[in-house]
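>>> Just a sequence and a predicted model for now, questions to come.
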Amino acid sequence: MTCNSVYSGVPVSPAEWGWKDSLFPAAFQAAASAGCPCVPGRIIRTERHAYSVAVPLFDRSLYEAFGLQLEEGGPVSGIFEGVRVSGKFEYRSAGPADYPATGDWVLVEPRFSATNPRQATDLVIQTVLPRFSSVSRTGAGATSDSQILAANVDTLFLVFALDGGRNFLERLLERSLIVARSGGVRPCVVLNKADLASPEDRAAASELARSASGSAEVLAVSAKTGEGIGELVRLVRPGETVGVLGKSGVGKSALVNALERIGFVQGSEPCAGPAAGAGSLFDSPALEGEVREDDRQGRHTTTSSRLYRLPSGILMIDSPGIRELKIWGSLDAVDETFPDIVALAGQCRFADCSHGLEAGCAVRAALESGSLDFARFRSWKNLEREQAYNERRSDEKARREHDQKWKNISKAQKKLRKDRS
Ligand SMILES: Nc1nc2c(ncn2[C@@H]2O[C@H](COP(=O)(O)OP(=O)(O)OP(=O)(O)O)[C@@H](O)[C@H]2O)c(=O)[nH]1
Ligand SMILES: [Mg+2]
Ligand SMILES: [Zn+2]
């Protein structure tokens, strides 16, 4: 199969695709263990098992170190579509979480044209570089059944809609904060559709969100009128990757488009249209859907995650809406989201207090005095229980998968020996 380079030779630097120099050592190591001449590229779109990969231009010395012979025409670069993983990759993978996700850095091996050795006609994905962060909607991260919405994300917009429907829920906010924090991503709460809310409702939702979010920023914005979008852009630096998490219809894709329209790099004059070359929205804006009139729920318009390079230099990954957040993060991330309760629990007389009927329980005292909201306490209890269960389950599963992988390898080796003899 041949894949097409859509913007071949567009001179976009690695940093403009969100590359961090801390990834170099991992890339070298992966290239050495893959034993092939490879270049790093970033997954910008995932469509079943075909990927779109942006391959930036690295310094010449990098290609030489990777063992890639360069012709006069220079190294491979551009946006490639329909890229697949190698057979070896498939053989080694235990499950979906091992496969590339949008935002991943991968090592791709270029295959050159027989008639023109300078022209790469095909790319094959050999390795996924270790993720520095991820937004995962199921599974405890380490196991193969977790579904990764976006990888290598710096900031995650937790998007809610102030449209009077059930689109701003404290409980969902708590879960979303845990998803961000356990994935190693900085959360930022975005209350969208502020144009549809009365000033009172807006102030009340902002206040509620602030008290639940701790140190995370909270902004009320409107993707429709553009209100607050400037402030949102200023929270992120060019070259950073932003993900979005929220229910269908809250306006995640509309936010991507609103940020696209803003079109300026911080501290500089607004520029006209998309940045030159390797297009921001390289063929179309993010698709926006309708919401149902009765309950304001969306229709799952966005069906797969996709990375956009915006004129402001920000990289944005638009993701499908979440139906329910069965988050599986870490217990640490739960604690970080409920610092008030953790502090109270620290004052209980017994270290293993279950905050039931024990004497000297500071949590129960706070509940009785009304200084701690009962719904918040119940939510914390449930999340702690859920997390503890998931952590146990994931440890077990990781062990089973490890065993299975080795069983497969030894089976394959046995067969190989038999075939040879
Ligand atoms: N009034 C108003 N409407 C908005 C705003 N943002 C988005 N919308 C509308 O809300 C609808 C849903 O927006 P989308 O951007 O498709 O929502 P989404 O979160 O991407 O939904 P999925 O892709 O299904 O997960 C569209 O009709 C948008 O035009 C806003 O700030 N104000
Ligand atoms: Mg969408
Ligand atoms: Zn207690």
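That came in fine, so what should we check first? None of these values were measured; they are calculated from a predicted model. Ligands and ions are numbered 1, 2, ... in the order given.
>>> Run through the residues of the stretch 301-421 of the chain sitting next to ligand 1.
Selection of the stretch 301-421 of the chain residues close to ligand 1 by C-beta under 6 Å from any ligand atom yields 301-302, 320-321. C-beta: built from backbone N, CA, C; applies to glycine.
>>> which among those end up buried?
Buried by 16 or more other C-beta atoms under 10 Å: 301-302, 320-321, out of these.
>>> Tell me how many other residues crowd residue 351.
Residue 351 is flanked by 7 other residues according to other C-beta atoms under 10 Å.
>>> Hmm, I typed the wrong one, I wanted residue 50.
For residue 50, using other C-beta under 10 Å, the count is 14.
>>> do the same with residue 382
Neighbour tally, residue 382, other C-beta under 10 Å: 13.
>>> Kindly report the same for residue 88.
The burial count assigned to residue 88 is 14, neighbours taken as other C-beta under 10 Å.
>>> and what of residue 388?
Residues near residue 388, counting by other C-beta under 10 Å: 12.
>>> Could you do residue 169 as well?
Counted with other C-beta under 10 Å, the neighbours of residue 169 add up to 13.
>>> Look up the closest residue to it, ignoring the ones flanking it.
In this structure, residue 169 finds its nearest non-sequential neighbour in residue 160, 7.7 Å apart by C-beta to C-beta, 6 or more residues apart in numbering.
>>> Please point out which parts of the host helix or strand of the one you found sit buried.
Secondary structure assignment for residue 160, by DSSP states H and E: strand 155-161. For strand 155-161, a neighbour-count test (16+ other C-beta under 10 Å) marks 155-161 as buried.
>>> contact partners of it?
Residues outside strand 155-161 that contact it (C-beta atoms under 8 Å, 6 or more residues apart in numbering): 135, 167-169, 172-173, 176-177, 179-180, 183, 185-193, 196, 205, 209, 216, 232, 235-236, 240-246, 249-252, 255, 296.
>>> Those residues in strands, which ones?
Within the contacts of strand 155-161, residues falling in strands by DSSP state E are 135, 186-192, 241-245.
>>> Of these, keep whichever come out buried.
Using 16+ other C-beta under 10 Å, the buried ones in those are 135, 186-192, 241-245.
>>> Name the nearest of the residues you listed relative to ligand 3.
residue 187 (27.9 Å; C-beta to the ion).
>>> so who does the closest one touch?
For residue 187, counting by C-beta under 8 Å, 6+ apart, the contacting residues are 155-156, 158, 176-177, 180-181, 213, 216.
>>> Read off the pLDDT value for it.
According to the prediction, residue 187 has pLDDT 96.
>>> Look up the closest residue to it, ignoring the ones flanking it.
In space, residue 187 is closest to residue 180, 3.7 Å off (C-beta to C-beta, 6+ apart).
>>> got a list of what residue 206 touches?
191, 218, 220.
>>> Let me know the closest of those residues to residue 32.
Relative to residue 32, the closest of those is residue 218; by C-beta to C-beta it sits at 45.1 Å.
>>> so that closest one bridges to which residues?
Judged by DSSP bridges, the bridge partners of residue 218 are residue 189.
>>> Give me the number of neighbouring residues for residue 14.
23.
>>> measure the closest residue to it other than its chain neighbours to residue 78 for me?
Take residue 14 and drop its neighbours on the chain: the residue closest to it by C-beta to C-beta, 6+ apart is residue 56, 4.4 Å away. In this structure, residue 56 and residue 78 are 9 Å apart, going by C-beta to C-beta, to the nearest Å.
>>> can you check residue 16 too?
Residue 16 is 14 Å from residue 78, where distance means C-beta to C-beta.
>>> which of the two has more neighbours?
Neighbour totals were compared for residue 16 and residue 78, and residue 78 leads with 22 against 19 (other C-beta under 10 Å).
>>> got the phi/psi numbers for that one?
phi 130, psi -170 (degrees, to the nearest 10).
>>> can you pull the pLDDT of it?
For residue 78, the predicted pLDDT is 82.
>>> Likewise for residue 63?
Value listed for residue 63 in the pLDDT field: 70.
>>> now do the one 5 residues further on
The per-residue pLDDT reported for residue 68 equals 62.
>>> what residues are up against the residue of the stretch 101-250 of the chain at minimum distance from ligand 2?
Nearest residue of the stretch 101-250 of the chain to ligand 2 (C-beta to the ion) works out as residue 248 at 7.3 Å. Taking C-beta under 8 Å, 6+ apart, we find residue 248 in contact with 289, 297-301, 320-323.
>>> Show the buried residues in those.
When the contacts of residue 248 are checked for burial by 16+ other C-beta under 10 Å, the buried set is 297-298, 301, 320-322.
>>> Let me have those in CSV, adding pLDDT as columns.
Conversion of the buried ones among the contacts of residue 248 to CSV gives the following (pLDDT from 0 to 100):
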residue, pLDDT
297, 70
298, 72
301, 81
320, 89
321, 87
322, 82
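>>> Identify, from those, the entry nearest to ligand 2.
Of all those, ligand 2 sits closest to residue 301, with 4.8 Å by C-beta to the ion.
>>> rewinding a little: quick one: which of the contacts of residue 187 is nearest to residue 361?
Nearest to residue 361 among the contacts of residue 187, with distances taken as C-beta to C-beta, is residue 177, at 25.6 Å.
>>> helix, strand or coil for the spatially closest residue to residue 304 that is not a sequence neighbour?
The shortest distance from residue 304 to any non-neighbouring residue, by C-beta to C-beta, 6+ apart, is to residue 46 (5.6 Å). Under the three-state scheme (DSSP: H, G, I helix; E, B strand; the rest coil), residue 46 adopts strand.
>>> how near is residue 46 to residue 147?
11 Å.
>>> More neighbours: which of these two?
Shown here are residue 46 and residue 147; by other C-beta under 10 Å, residue 46 has more neighbours (20 against 12).
>>> what is the more buried one paired to in the beta sheet?
Beta-bridge partners recorded for residue 46 (DSSP bridges): residue 51.
>>> What score does the residue in the stretch 151-300 of the chain positioned nearest to ligand 1 have for pLDDT?
Across the stretch 151-300 of the chain, the shortest distance to ligand 1 (C-beta to the nearest ligand atom) belongs to residue 251, at 2.9 Å. Predicted confidence (pLDDT) for residue 251: 94.
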